[in-house]
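> sequence plus the predicted model coming up.
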Amino acid sequence: MFGFFFFEPLLGFCIQLLNFFSPLTGIRFTQSAKARGHNTDENIQTLKEWLDTAHAVLKSGGTLTLIHRADMLDQIIQRLGKRFGAVEIIPIYTKPHRDAKRVIVRAIKDRKTPARLRESLLLQNADDTYTQAADNILRGGAPIL
């Protein structure tokens, strides 16, 4: 699994985005490579490394935002531990009446504030058109959080 890790020079925030494209070529991985990216043991280790790195580079009060698979949410919360607080979780649904496939998780280093489950984001209507909220984000530049 490859991802991108962005952070500002003063380490006030970092973002981790899960993807299935090669960072070197931009070419989409084959299904078998994508399946390897879903290897749970490897993902847990990679997640631990990402979160350990985020904790190391963020200043106290810095914000971590990550977009990840929804089925890894328990591992994300576990790996954040007591190092991060004020955790906000936004489920992302691709279509109505389906389980969320992705989540956005935002957490603040060294905070003790309890977690909150935020309003979900639905990306597509039943007819495969973007929802108004998704369209506003994708085309209008509206903030997700």
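That came through, no problem.

> show me where the protein has its helices.
Defined through DSSP state H, the helices belonging to the chain, from first to last, are 31-37, 40-57, 73-80, 132-138.

> which one of those helices has the lowest average pLDDT?
In terms of mean pLDDT, the lowest-scoring of those is helix 31-37 (a mean of 47).

> need the contact partners of the lengthiest strand in the chain.
With residue count as the measure and DSSP state E as the assignment, the chain has strand 84-93 as its longest strand. Applying Cβ atoms under 8 Å, 6 or more residues apart in numbering, the set of residues contacting strand 84-93 from outside is 55, 64, 67, 70, 73, 77, 80, 99-123, 144-145. Quick note: C-beta positions are derived from backbone N, CA and C, even for glycine.

> now intersect those with the strands, please.
Within the contacts of strand 84-93, membership in strands is found for 64, 67, 102-109, 116-117, 121-122, as judged by DSSP E.

> what's the average pLDDT for the longest strand of the chain?
Throughout strand 84-93, pLDDT has a mean value of 96.

> so what does residue 96 have for phi and psi?
Here is the backbone geometry of residue 96 (degrees, to the nearest 10): phi -60, psi 150.

> and the nearest residue to it once chain neighbours are set aside, how many neighbours?
The shortest distance from residue 96 to any residue that is not its chain neighbour, by Cβ to Cβ, 6 or more residues apart in numbering, is 5.6 Å, and that residue is residue 126. A count of nearby residues for residue 126, using other Cβ atoms under 10 Å, gives 8.

> fine by me, we can end here.
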